[in-house]
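Participant: Okay, here's the prediction I keep looking at, along with the sequence it came from:
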Amino acid sequence: MSEPFQNPFASSHSLDTNPFDDPTPKQLAHDDSRFEELSRREQNLERRERELNQRAEHIRTHGRNNWPPFYPLVYHAISEEIPDASRPLITRLYQLWLVLLGTLIINMVACIFLLVAGSSDGGKDLGASIGYVFIIAPLSFLLWYRPIYNGYMKEQALYYYFYFFFGGFHLLFSVYMIIGIPSTGSGGLIQTIQMYAQGHWVAGIFCTIATVGWTVQGLGSAFYYRQIWNHHTAAGHSMDKAKAELASHGAKAYFTRG
């Protein structure tokens with residue numbers, strides 16, 4: 001029971017501390033930690049806002065396109081568009097295309113060293129090799145890799161025949177580059193032997209790397225070309241079916257995702 005003369009307005013808290021005193025180090029540390037937490041939250045919100053704005057701008061400018069990363073022109077997502085059973089094959093084909101791209105660059109470097117080594121056809125080789133980088137690289141993606149990517153995604157015969165036609169030309173081109181005839185822009189086998197025989201070791205090494213690259217991507221392309229032919233046959237695709245698809249959809253069937 002409370003005392004009869006207890007002051008009901010008395011505070012139960014101690015008034016020993018002065019509210020106008022300077023804050024203690026403990027209070028300062030607590031305030032600093034809260035300030036840092038608020039700063040982190042603010043930075044996270046700003047970062048998320050920037051990412052959302054960048055994503056919205058990307059979609060506005062390019063749609064869903066994500067490839068090539070530096071200037072998206074097409075949408076390329078093997079894990080999303082290719083059926084599970086076919087993903088390993090398409091992944092290997094994409095890796096082979098990347099090997100081709102790397103080989104074209106190494107081949108150009110090899111031709112630079114051919115010119116430096118005093119090859120009589122060094123100028124022609126270098127000019128042709130530069131042309132290969134800027135012509136063969138995009139055309140190979142558009143004319144044989146992209147059709148078979150779409151073929152496995154949509155299972156339409158038209159894409160398979162695009163691939164067989166242009167993929168066959170690519171196999172012949174690979175053999176041509178492996179041989180390495182002088183003045184053709186190839187640092188292939190003949191050029192490699194000549195550089196080693198003349199004592200131009202740096203040019204010989206780069207030509208060797210180029211020859212290995214042409215051989216690896218050529219053999220890999222031939223191996224998967226046969227696998228894709230077997231799949232195409234088993235799936236019942238035919239030229240008549242491809243013609244019907246072309247008549248039905250026209251060029252739209254090649255360029256659209258539908």
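Facilitator: Now that the structure is in, tell me what you want to look at.
Participant: Show me the shaky parts of the stretch 51-200 of the chain.
Facilitator: Flagging of the stretch 51-200 of the chain using pLDDT under 70 yields the residue ranges 51-63.
Participant: That one: helices as residue ranges?
Facilitator: Counting by DSSP state H, counting those that start in this stretch, residue ranges of the helices within the stretch 51-200 of the chain are 78-81, 87-116, 122-140, 146-154, 157-179, 189-197.
Participant: Run the angle between the fifth one and helix 146-154 for me.
Facilitator: Here helix 157-179 runs at 140 degrees with respect to helix 146-154, directions being taken by axes from the mean of the first three to the mean of the last three C-alpha atoms, to 10 degrees.
Participant: what comes up buried for helix 157-179?
Facilitator: Going by neighbour count (16 or more other C-beta atoms under 10 Å), the buried part of helix 157-179 is 157-164, 166-167, 170, 173-174, 177-178. Using the backbone N, CA and C atoms, a C-beta is placed for each residue, glycine as well.
Participant: just stretch 198-218 next, same as before
Facilitator: 200, 203-204, 206-211, 213-215, 217-218.
Participant: one step back: what's the closest of the helices of the stretch 51-200 of the chain to Arg48?
Facilitator: Arg48 lies closest to helix 78-81 among the helices of the stretch 51-200 of the chain, at 23.8 Å (C-beta to C-beta).
Participant: which outside residues touch the closest one?
Facilitator: The contact list for helix 78-81 (C-beta atoms under 8 Å, 6 or more residues apart in numbering) reads Tyr75, Arg87, Ile90, Thr91, Tyr94, Tyr149, Met153.
Participant: what do you get for stretch 216-223?
Facilitator: With contacts defined as C-beta under 8 Å, 6+ apart, stretch 216-223 is touched by Arg92, Leu96, Val99, Leu100, Thr103, Gly167, His170, Leu171, Ser174, Val175, Met177, Ile178.
Participant: contacting residues for the third one?
Facilitator: Val99 makes contact with Gly213, Val216, Gln217, Gly220, according to C-beta under 8 Å, 6+ apart.
Participant: tell me which element the second one is part of?
Facilitator: In this structure, Val216 is located in helix 201-234 according to DSSP states H and E.
Participant: Now do that helix against helix 87-116, angle only.
Facilitator: Put simply, helix 201-234 runs at 150 degrees to helix 87-116, going by the same axes, to 10 degrees.
Participant: which is the next helix or strand following helix 201-234?
Facilitator: Toward the C-terminus, helix 201-234 is succeeded by helix 239-249 as the next helix or strand (DSSP H and E).
Participant: Against Pro88, how distant is the closest residue to Pro147 other than its chain neighbours?
Facilitator: Leaving aside its chain neighbours, Pro147 sits nearest to Phe162 (3.7 Å; criterion: C-beta to C-beta, 6 or more residues apart in numbering). The gap separating Phe162 from Pro88 is 22 Å, by C-beta to C-beta, to the nearest Å.
Participant: just to revisit the earlier point, please check the contacts of helix 78-81 and keep the buried ones.
Facilitator: By 16+ other C-beta under 10 Å, the contacts of helix 78-81 give Ile90, Tyr149, Met153 as buried.
Participant: The first one reaches Asn150, doesn't it?
Facilitator: Yep, that's Ile90 we're talking about. No. Counting by C-beta atoms under 8 Å, Asn150 is not a contact partner of Ile90; they are 10.3 Å apart.
Participant: quick one: contacts for the residue nearest to Thr103 when sequence neighbours are not counted?
Facilitator: Spatially, and ignoring its direct neighbours in sequence, Thr103 is nearest to Gly213 (3.2 Å; C-beta to C-beta, 6+ apart). Counting by C-beta under 8 Å, 6+ apart, Gly213 makes contact with Val99, Leu100, Gly102, Thr103, Ile106, Asn107.
Participant: go on, Asp121?
Facilitator: Shown in contact with Asp121 (C-beta under 8 Å, 6+ apart): Leu114, Pro182, Ser183.
Participant: Most neighbours of all the residues you listed, which one?
Facilitator: Most neighbours among the contacts of Asp121, by other C-beta atoms under 10 Å: Leu114, with 30 neighbours.
Participant: What about the residue lying closest to it once chain neighbours are set aside, how many residues nearby?
Facilitator: Nearest in space to Leu114, with sequence neighbours left out and distances taken as C-beta to C-beta, 6+ apart, is Gly122 at 4.7 Å. Applying other C-beta under 10 Å, we find 19 residues neighbouring Gly122.
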